[in-house]
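J.: okay, predicted coordinates and the sequence, questions at the end:
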Amino acid sequence: MNNDKISIVILAAGQGSRMKSPKAKVLHTISGKPMLYHIIKSSLEISDDITVVVAHQKEAVIEQISSFFNNINFVVQDAKNFPGTGGAMKNVSIKHEKILVLNGDMPLITAQALEGFLDSTSDIVMSVFDLQNPDGYGRVVIENGQVQKIVEQKDASLDEIKITTVNAGIYAFSKAVIEKYIPLLSNDNEQKEYYLTDVISMARADRLRISPLLVDEHTFKGVNSKKDLSDSEIIMQDKIKTKLMNEGVIMQLPSTIYIEEGVTFEGECIVENGCRITGNSLIVNSHVKAGSVIEDSIVKNSDVGPMAHLRPASYIEDTHIGNFVEVKKSSLKGVKAGHLSYIGDAQVDEGTNIGAGVITCNYDGIKKHKTIIGKNVFVGSDSQLIAPITLEDDVMIAAGTTVRSGKIESGSLAVSTAKFKTIKDFYYKFFSKK
C-alpha cells in the first residue's frame with residue numbers, strides 16, 4: 001500500500017471511565033496486545049506518519065507502545081486547558097496533505113477498511129454506518145451525497161430522529177482544513193470541551209465538500225466497557241483463527257481455542273479443542289492436543305498434551321510431551337515425557353525418557369538452578385532431581401530416587417531408595433490398637 005499519501009492521528013488520551021478500571025482504556029488487551037497496538041499495526045500498513053495523542057497515564061501508554069513500535073510520534077494533550085477531541089489536535093504536527101483521525105478504542109479496524117478514506121478528493125471524509133436502532137447516536141443528515149450536519153439525538157427534529165445513519169467517529173481531513181479550523185474551535189458548550197465535530201459544522205458553513213463513507217459497524221466498533229472488550233475479543237479471535245486455518249492450520253472446534261496475536265504456525269499443524277497458545281509462540285509441524293496451554297514457547301516436530309502446560313521460554317523439538325506435563329524455561333530435544341512431570345530450568349538431550357511423577361527441583365527458596373540431562377538417560381518414575389545437577393549420557397535413575405546436587409557420570413545407575421522388606425502381620429497388629 002502507498003504510505004506517503006496520508007498522516008494518521010490516533011486519539012488515545014481519555015481515561016475511559018466506563019471501563020471501571022484503573023488502567024488506561026487503550027491499554028486493555030485483546031488477543032494478547034493492547035487495543036492501541038492493533039490500531040497502530042493496521043495504520044502502519046497505509047501510512048508512514050503515525051501520531052498518538054496521549055494524556056491519561058501517558059507514561060504507561062508511551063512505554064508499552066514503544067516496546068512494540070519504534071517509529072511512532074507521541075503528543076501530550078493539554079487536557080486541563082484544552083479538553084476534548086478538538087483539543088487533542090491542538091499541537092499535532094502533520095507530514096502529509098491528508099490526515100486521518102482515529103480513536104484509540106477501535107481495535108478491530110483494518111488497513112483495508114481505512115483505504116476508503118484515501119480515495120476521496122473531498123475536503124472532509126466522515127465515516128458513517130446505518131443502524132436498525134440508532135437510539136443514543138448523533139444522526140448524520142446527508143443530501144445529494146454530502147454531509148449537511150450532525151444532529152445530536154436530543155436536538156433532532158421529528159424527521160431527523162427517523163434517520164438511521166449515524167456518526168462512526170472517524171474522519172479524514174485535508175491538511176488545510178485542520179490548519180484553518182482547529183485554532184477556531186471554541187469550548188462554549190455545556191461540557192466546556194473542544195469538539196472535533198465542530199470542524200464539520202464550520203467547514204459546511206464555508207461550503208466545503210464533506211463526503212460520507214459508509215463503514216462496517218463491527219470493524220469500526222468502539223470499546224467502552226468490559227462487555228465491549230469481550231465482544232471485540234470474540235471478533236478478533238475469529239479473525240486470527242480464520243486466517244490461520246486459511247493458511248493450513250487444522251483446528252478442532254475452533255470456537256473453544258484461544259490464540260493470541262503474534263503466534264506463528266509453520267507446516268502441518270493440528271490444534272485440538274480447548275487449547276490456549278499465547279505470546280510469540282512458534283508451532284512447526286506439531287500436534288497440540290486438547291486442553292493444552294503453550295505460553296511464549298517454540299514447538300517443532302512434536303506433540304504436546306492433552307492437558308500439558310508449556311510455560312514461557314520452553315523449546316520443544318522432536319519430543320513427546322504427554323498429559324499433565326509442565327515444562328518451564330527448558331530445552332527438550334528428542335525426549336519422551338509421557339505424563340505427570342515437571343521440568344523447569346532444564347536442558348534435556350535426545351533419547352532421554354522422563355518417567356511419570358519426575359520433577360526437577362529447580363528452586364531452593366532463593367535462587368533458580370539448572371538441571372542438565374544428557375543423551376539416552378532413563379529417569380525412573382517418582383524421582384526428584386535436585387538442581388544444580390548434571391546427568392551425563394547413558395545414565396539410569398532408579399524409580400523413587402532423590403538425586404542430590406552434583407554430577408552422575410555416564411553409564412551409572414543412581415539409587416537412593418531403602419532396601420525393600422516386609423513385616424509379617426503388621427497390618428493386624430497396627431489396627432488392633434485402635
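T.: Sure thing, it's come through.
J.: what's across from Asn73 in the sheet?
T.: Beta bridges link Asn73 to Thr51, judged by DSSP bridges.
J.: how much space between it and Val53?
T.: Distance of Asn73 to Val53, computed by CB to CB, to the nearest Å: 10 Å. Placement of C-beta: from N, CA and C, glycine included.
J.: ok, these two, which is more surrounded?
T.: Higher neighbour count among Asn73 and Val53: Val53, with 26 against 14, using other CB atoms under 10 Å.
J.: so what's that one up against?
T.: Val9, Ile10, Leu11, Ala12, Ala13, Phe74, Val75, Val76, Gln77, Ala88, Met89, Val92 (CB atoms under 8 Å, 6 or more residues apart in numbering).
J.: now do it against Ala12, distance only.
T.: From Val53 to Ala12 the distance is 6 Å (CB to CB).
J.: equivalent analysis for Asn224, please.
T.: 14 Å.
J.: could you do Gly374 as well?
T.: Remark: distance between Gly374 and Ala12 (CB to CB) = 52 Å.
J.: and the two? which has more neighbours close in?
T.: Remark: of Gly374 and Ala12, Ala12 carries more neighbours, 32 against 19, as counted by other CB under 10 Å.
J.: what's near enough to touch that one?
T.: Ala24, Val26, Leu36, Val52, Val53, Val54, Val61, Gly104.
J.: now, those residues that are in strands?
T.: Val52, Val53, Val54 (DSSP state E).
J.: list the contacts of the helix or strand bottoming out on mean pLDDT in the chain.
T.: Sorting the helices and strands of the chain by mean pLDDT, DSSP states H and E puts helix 426-431 at the bottom, at a mean of 81. Under the contact criterion CB under 8 Å, 6+ apart, helix 426-431 has no outside partners.
J.: in that helix, what's buried?
T.: By 16 or more other CB atoms under 10 Å, helix 426-431 has no buried positions at all.
J.: how near is the residue nearest to Asp349 when sequence neighbours are not counted to Gly344?
T.: Leaving aside its chain neighbours, Asp349 sits nearest to Lys375 (4.5 Å; criterion: CB to CB, 6 or more residues apart in numbering). Distance, Lys375 to Gly344, by CB to CB: 20 Å.
J.: tell me the contacts of Gly334?
T.: Neighbouring residues of Gly334 by CB under 8 Å, 6+ apart: Glu317, Asp318, Thr319, Asp349, Glu350, Gly351, Thr352.
J.: for the lengthiest helix in the chain, buried residues please.
T.: The longest helix of the chain (DSSP state H) is helix 226-246. For helix 226-246, the neighbour count (16+ other CB under 10 Å) marks Asp228, Leu229, Ser232, Glu233, Ile235, Met236, Gln237, Ile240, Lys241, Leu244 as buried.
J.: still on that earlier bit, overlap in contacts of Asn73 and Val53?
T.: If you check Asn73 and Val53 against CB under 8 Å, 6+ apart, no residue is contacted by both.
J.: domain-wise, how is the protein divided?
T.: Listed by automatic domain parsing, the domain ranges of the chain are 7-214, 226-414.
J.: show me where this protein has helices.
T.: Using DSSP H, helices in the chain cover 35-43, 58-66, 84-88, 111-114, 116-119, 175-181, 197-205, 226-246, 426-431.
J.: what's the angle from the longest helix of the chain to helix 35-43?
T.: Orientation check (axes from the mean of the first three to the mean of the last three CA atoms, to 10 degrees): helix 226-246 against helix 35-43 gives 40 degrees.
J.: who are the packing partners of helix 226-246?
T.: Counting by 3 or more CB pairs under 8 Å, 6 or more residues apart in numbering; DSSP states H and E, the packing neighbours recorded for helix 226-246 are strand 29-30, strand 250-251, strand 258-259.
J.: could I get these as TSV with mean neighbour count?
T.: Formatted as TSV, those follow (neighbours: other CB atoms under 10 Å):
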stretch	mean neighbour count
strand 29-30	20
strand 250-251	17
strand 258-259	20
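J.: and the contacts of Val53, which are buried?
T.: Buried among those by 16+ other CB under 10 Å: Val9, Ile10, Leu11, Ala12, Ala13, Val75, Gln77, Ala88, Met89, Val92.
J.: tell me which entries of those lie within strands.
T.: If you go by DSSP E, these have Val9, Ile10, Leu11, Val75 in strands.
J.: closest to Gly267 among those residues?
T.: Gly267 lies nearest to Ile10 out of these, by CB to CB, at 36.5 Å.
J.: now rank the contacts of Gly334 by neighbours and give me the top one.
T.: Thr319 (25 neighbours).
J.: pull the contacting residues for that one.
T.: Applying CB under 8 Å, 6+ apart, one finds that Thr319 lies in contact with Ser302, Leu332, Lys333, Gly334, Val335, Lys336, Ala337.
J.: as a markdown table, those with pLDDT would be great.
T.: Below are the contacts of Thr319 laid out as a markdown table (pLDDT from 0 to 100):
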| residue | pLDDT |
| --- | --- |
| Ser302 | 98 |
| Leu332 | 98 |
| Lys333 | 98 |
| Gly334 | 98 |
| Val335 | 98 |
| Lys336 | 98 |
| Ala337 | 98 |
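J.: who touches Ser314 in this structure?
T.: Counting by CB under 8 Å, 6+ apart, Ser314 makes contact with Ser297, Ile298, Val327, Lys328, Lys329, Ser330, Ser331, Leu332.
J.: what about those residues, which are in strands?
T.: Ile298, Val327, Lys328, Ser331, Leu332.
J.: dump those to CSV, plus neighbour count and distance to Tyr428.
T.: Shown next, in CSV, are the ones in strands among the contacts of Ser314 (neighbours: other CB atoms under 10 Å; distance: CB to CB, whole Å):
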residue, neighbour count, distance to Tyr428
Ile298, 20, 57
Val327, 30, 46
Lys328, 20, 46
Ser331, 18, 52
Leu332, 28, 48
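J.: quick one: pLDDT of the nearest residue to Ile170 once chain neighbours are set aside?
T.: Distance criterion CB to CB, 6+ apart; nearest residue to Ile170, sequence neighbours excluded, is Ser127 at 4.0 Å. Note on Ser127: pLDDT of 94.
J.: which residues touch stretch 99-106?
T.: Against stretch 99-106 from outside (CB under 8 Å, 6+ apart): 6-14, 16, 25-26, 35-36, 39, 43, 47, 52, 89, 109, 114, 117, 169-175, 178, 196, 220-224.
J.: same thing with stretch 276-292?
T.: Residues contacting stretch 276-292 (CB under 8 Å, 6+ apart): 32, 252, 257-260, 262-275, 293-310, 312.
J.: alright, that wraps it up for me.
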